[in-house]
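**Q** okay, predicted coordinates and the sequence, questions at the end:
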Amino acid sequence: MPEIIFQIAIIVTKIVILTFMVVLPLVPLSVYFERRFSAIIQDRVGPNRVGIPLTLLGFKKDFHFFGLIQPIADGLKLFLKEDFTPNHVRKAFYWMAPALTVVPALITVCVVPFGSPISIFGHSEKLVIADLDIGPLFIFSVASLSVYGITLAGWSSNSKFPFIGGVRSTAQMISYEIALGLSIIPVLMYYGDLNLSTIVQQQADHGWLLLPLWKNGHLGLPDLNTALFWFPAAIAFLIFTISIFAETNRMPFDLPECETELVGGYHTEYSSMKFAMFFMGEYAAMVIGSALIITLFLGGWSIGFGLDAWVSDLHIGDIYFGGLIHMGCFLTKLLAFILFFILVRWTVPRFRYDQLMKLGWVVFFEAALINVFLAALIVAAPQLKSVIITSGAVLLLIVTAAVIWVAKVSEDTTKVLRA
Amino acid sequence: MAIVKLQRPKLNFGEKIYFGALIKGFFLTMSHAIKTLRGKSVGAESLASSGLGITMQFPEQRWDEHMPEYYRGAPALVTDEQGRERCVSCQLCEFICPPKAIKITPSEIPSDDPWAKVEKRPLEFDIDMIRCIYCGMCEEVCPEQAIYLRKDYLITGLKRADMVHDKKKLYEIGGTRVGLVNKWNELK
Amino acid sequence: MSDTPSATAEMKSPKSQAAEKGLVNVQIDGVWHQFPKGTRMIEACRQAEVIVPHYCYHPKLTSPGNCRMCLVQIGMPPRPAPGQEAPLDENGYEAIVWTPRPVIACANTVSENMGIRTRGDLVEKCREGVMEFLLINHPLDCPICDQAGECRLQEQSVQHGRGISRFVDMKVKKPKNVDIGPRIRLDDERCIMCSRCIRFMDEVAGDPVLGFTQRGTHTTLTVHPDRLLDSNYSLNTADICPVGALTSNDFRFQMRVWFLKETPTIDVNCGTGTNITVWTRENKIHRITPRLNDEVNSAWMPDSHRLNFHFIDSEARLTEPLTRITDTPSATFQPITWNSAISHAAAQTKAIPAAQTAIIASGRMTNEELFLTRTLAAEIGTHHLSLVPRFADADALLVAADRNPNTTGAKMIFGTDDPYEKLDSIRDGVRNGSIRSLIILGEDVITDANFTDTDLGKLDFLLQTSVLANPTANQAQIVLPSAAFAEKRGSMVNLSGRLQRLNRAVEPQGQSHDDWEILRDFILALSGDKNEVYHIEDVFKALAENVTAFNGLTLSKIGHQGIEIVDTGYQIPLLTNERARQAAGLING
């Protein structure tokens, strides 16, 4: 009995610490970064004022933490705003929708490994809430639920622009989920495992997927097969990253909420905390998406350069705290990737809707599919005879050429039809 | 209107792939970011930047000494060298005012007034500074050189009524303006 | 008026065609027209829709030709040598030889085969010169001048002037701000000596008190010594003054004219029914000017009528329904809602037998209101219905003896020759107690109909509708605020039988209602019927169905100039004068 209570206590502690003390604070932090970074890109200052107004108490200078408290002030403002429900909405769904966008994003946190296991007095504990053996699949299945939030928000608002936003969002998510799913099949084939902790551990041991420059804890050039696999891995990374942008409705794929066309998009009719929840959901999805990319392609919590084993062994007495250093490394990578997200937002202009759809269905879907076969060929190469490899490569080339040709032809026909 | 058909530019493969442009864009935005952080943004110096970007930090730093001669602040009424109020309430500013911020009640100057010769002056002259858009049309249209946009820009109030500048306030802001055309003096 | 001869008349020359109709052919700016012989050139141009700028010419006044602004170039065919035929062009007109010297269009008449050019270098140069002369001594008063915005001098100096002054000397000083009459202010510096005001006072008003003194550039308009410009028509001089020399004291510095909205309506101060324009801004009337109607008031109106609009937003204006508080000793009123006011009134009226109820309506009510009054009397079942007569001296021009504007309409709607006859019997009835309930619509019977406070004190119920607080309203149980003449729509019939229309220039003040709405609500409250009348048009429709003279008419068919619906034989004296002068060839319009 006490064993189970102990287990439950550990799980609850992990949930509280990892979800509510690590991931959730990242949301306002990324909002702050978004505002500050965009300001800097645009030669502005950005929010730098909110702090402790010491001058009111007679001091010489205010103390403002570089405006880091701004997100708290924003949140407070949103809390204090009137929570207005328009008369014409479908109430039950209208109230449900914001929750449906936030909750899936936060649930996906539970399979992300934040660091290597830490062990205290011989009791080893992984820094992941639920060490599932179907990590990426779980994330996909839960994350795709968040489209319900957006669609329901659009529909239940019972007004034009939110509805268009909702419909756009649905179409976009469905389109890009396919590319998303297909693009990581090569990765999973390579690792031969669906457990994210194992995947990260493998990267820590044998080099990151995109940086395979160490082996078994020592720096060194990869063997031919691993080096060849770098190409399908890079393609997968590209498709996966861009699809994550689309999945999180981030610029340049934020058509469900593009202000120039749809006022505010699916959340036009929302105010106060309900709006804030959409906001949170969006940023939480961004955090989770970044975490997933890092975990799959960039070594997760791994520090790299063959240092991981050494870090894992750091201990003071019986407390092995290397996991915390790994967690720090993971969060650093995460923040860097969030900054990349923001940089993209303020650099790349928004796509047109047909361009978005074409990119998803004509380019990424085919590219991901071909990539699967390419990766399969490379992964299987050591076991196969050279004749089979050559014929496979030729076949793949033909198929690729055919796909490109079909894509070109289909483009031409649309032109003819339009004329 | 004739319809002009534009030919979309032919893109080569590299341009179609779009990545080149993306990378270029990243460099552009990042160069701006770096310049901003170093306080070297274009125009930072002339705009008295606070050191980050080109923005001035308002309550601590003031515009005032950087304000150009042509700055259009609060509109105000002026008096001439002899202390005569120049406005004769012709109501042209009221007419031209795009946001309808000006409201004038004309009146006749009593015959015992030293300037009775002018015959007409405003009884009330209200400018609603909530409405005013600082366009300067009133100044441009005024045939008596009586209304000018001064450099006052900190127009604040706690009530709507506070934001309506009445005649007294307008002359307070405007003060005396010398060296203008004096068509109501004794010679005329 | 056509320059293309029809197929059947091809043989005849244009000259003989026109001569058959007593007309002459005139070419204006290259287009041939036909006009009666003796038409002034400026009038011919106006009919041909060609504008000739002018100051001194006024179609209702004689033409002295002293402003020289209307200079045009004319041409006539050369006289052929004896025995020769003048050569004709393909349309049968003789060739025109243009004279090098321009003539004024206002004082010369047209003749056969004449050509008039109102454009071209010569004419433009003349106008520019005339404008420059006129502006030599004109002060730069425009910012303070009430005429600015409707000033001919402003308009024409923009169109035809130079834009820059070449004048270097001192301007001539003349009297400014001269008090020449109780209602008119004179500024001699602004005067351009067109003499319109002088001619108006002489020819139309018949009170020649104005004239020019001095000579040349010192010519000054003055009023005759020992006299004032105090005629009841003096404000018309301010209307016709093309510049700001004569301005109205009442309108002085009130509002610039470009802010004002014009509403065409009619005057209600006497039976003439003068056509007027009401000038308003933001629900405030700023002035009233006469509106041209050759069948009613020509272009003029009396000052007494023109200035009678200040009561509309005066202190005495009633703005909410009032009911008397009975339990306090002093007679005080308290405001109530329209619904309770109407239902109280209906209940009290029903409580008193119809035979003991009387209605006193007003000759200032519109046809629609009078029709509803008739309906109200029928609904109550009383025959005690009368108007209040209002007679005073007539003048020999526009002011009629009957100061009620709609007596003719009342006669037709009530089907009686004397709508005033029952007033005495009603007064007697009130005094001897046989009438206990009185409904007074828009009249002050204490001031105007010899009732006294004691008379009205005997009544059990007194309902009053009124625009202003007055002694009669003071005695009433319920006072309903109604709309003034500029606040309502409707129609009236003037003394000469002309049906004319009132238009709403401003919204009724406060909660006051249109009279027809009050009557409708009152009738419905009495009968308990459902409302089917939503617009004044509906009332007029019912009126047109029920009163023969109005058959087939609608409010919109009346138009801004009115329609004559009955011949009363009444002659407006001013029109008689004007037609005589027209027949004598003194005036053209």
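**A** Now that the structure is in, tell me what you want to look at.
**Q** with adjacent residues omitted, what lies nearest to C:G457?
**A** Nearest non-adjacent residue to C:G457, counting by CB to CB, 6 or more residues apart in numbering or on different chains: C:Q475, 6.6 Å away. All C-beta atoms are positioned from the backbone trio N, CA, C, and that covers glycine.
**Q** what parts of the stretch 151-300 of chain A come near chain B?
**A** Taking CB under 8 Å from any CB of the partner chain as the criterion, chain B has no neighbours within the stretch 151-300 of chain A.
**Q** ok, the residue nearest to C:G457 - contacts?
**A** For C:Q475, the contact set (CB atoms under 8 Å, 6 or more residues apart in numbering or on different chains) comprises C:331, C:446, C:453, C:456-457, C:459, C:462.
**Q** the same query, at a cut-off of 10 Å, please.
**A** C:Q475 sits next to C:324, C:331, C:438, C:440, C:445-446, C:451-457, C:459, C:462, C:464 when contact means CB atoms under 10 Å, 6 or more residues apart in numbering or on different chains.
**Q** any low-confidence regions in chain B?
**A** Scanning chain B with the threshold set as pLDDT under 70 gives B:1, B:182, B:185-188.
**Q** how does it look with 90?
**A** By pLDDT under 90, the weakly predicted segments of chain B are B:1-26, B:32-71, B:80-86, B:111-119, B:143-145, B:150-157, B:173-188.
**Q** report all helices and strands that the longest strand along it contacts.
**A** Looking across chain B with DSSP state E, the single longest strand is strand B:120-128. Packed against strand B:120-128 by the contact rule (3 or more CB pairs under 10 Å, 6 or more residues apart in numbering or on different chains; DSSP states H and E) you find strand B:75-77, helix B:92-96, strand B:102-108, strand B:164-165, helix B:167-174.
**Q** circling back to that earlier point, pLDDT check: weakest of the contacts of C:Q475?
**A** Of all those, C:A331 carries the smallest pLDDT score, 60.
**Q** before we move on, the earlier item: which of the contacts of C:Q475 tops the neighbour count?
**A** Ranked by the number of neighbours (other CB atoms under 10 Å in any protein chain shown), the contacts of C:Q475 place C:L438 first, at 29 neighbours.
**Q** on the three-state scheme, that one is what?
**A** Using DSSP: H, G, I helix; E, B strand; the rest coil, the structure places C:L438 in strand.
**Q** low-confidence ranges in chain A?
**A** For chain A, the ranges with pLDDT under 90 are A:1-236, A:238, A:242-292, A:294-331, A:337-339, A:341-419.
**Q** ok, C:N293 touching C:H560?
**A** Yes. Counting by CB atoms under 10 Å, C:N293 does reach C:H560; the two are 8.4 Å apart.
**Q** the two: who's more crowded?
**A** Taking other CB under 10 Å, C:N293 and C:H560 do not tie; C:N293 has more neighbours (21 against 15).
**Q** contact partners for the more buried one?
**A** If you count contacts by CB under 10 Å, 6+ apart, then C:N293 has C:264, C:266, C:273-276, C:299, C:498, C:500, C:560-562, C:575 around it.
**Q** run the chain-centre distance for whichever strand or helix holds C:P481.
**A** If you go by DSSP states H and E, C:P481 is part of strand C:478-481. Centre-to-centre, strand C:478-481 and its host chain are 30 Å apart (CA atoms, centre = their mean, to the nearest Å).
**Q** next one: stretch B:115-129
**A** So, by CA atoms, centre = their mean, the centroid of stretch B:115-129 is 22 Å from its chain's centroid.
**Q** could I get that stretch in CSV with only the CA atoms?
**A** Presented in CSV, the C-alpha positions along stretch B:115-129 are these (Å, rounded to 0.1, in the frame of the first residue of the first chain):
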residue,chain,number,x,y,z
TRP,B,115,-11.9,98.0,-30.6
ALA,B,116,-15.6,98.6,-31.3
LYS,B,117,-14.5,99.3,-34.9
VAL,B,118,-13.8,95.6,-35.4
GLU,B,119,-17.5,95.0,-34.6
LYS,B,120,-17.3,91.2,-34.1
ARG,B,121,-15.6,88.8,-31.7
PRO,B,122,-16.2,85.4,-30.3
LEU,B,123,-18.4,85.3,-27.2
GLU,B,124,-17.4,81.7,-26.7
PHE,B,125,-14.7,79.7,-28.5
ASP,B,126,-14.5,76.0,-27.6
ILE,B,127,-12.1,73.5,-29.1
ASP,B,128,-12.8,69.9,-28.0
MET,B,129,-9.4,68.5,-27.7
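**Q** so which bits of it are buried?
**A** B:118-122, B:125-129 (16 or more other CB atoms under 10 Å in any protein chain shown).
**Q** which two of the residues you listed have the greatest separation?
**A** Maximum pairwise distance among the buried residues of stretch B:115-129 (CB to CB): 29.5 Å, between B:E119 and B:M129.
**Q** between the two ends of stretch C:202-219, how far is it?
**A** In stretch C:202-219, first residue to last residue: 19 Å (CA to CA, to the nearest Å).
**Q** pull out the buried positions in it.
**A** So for stretch C:202-219, counting by 16+ other CB under 10 Å, buried means C:202-205, C:207, C:209-210, C:219.
**Q** just name the closest of those residues to C:C241, please.
**A** C:L210 (11.1 Å).
**Q** need the pLDDT of that closest one.
**A** 94.
**Q** now C:G528
**A** Looking at C:G528, its pLDDT is 89.
**Q** need phi/psi at it.
**A** With angles defined as degrees, to the nearest 10, C:G528 sits at phi 80, psi 10.
**Q** helix, strand, or coil at the residue nearest the centre of chain B?
**A** Among the residues of chain B, B:R72 comes closest to the average C-alpha position under CA atoms, centre = their mean, at 2.8 Å. With three-state DSSP as the basis, B:R72 sits in coil.
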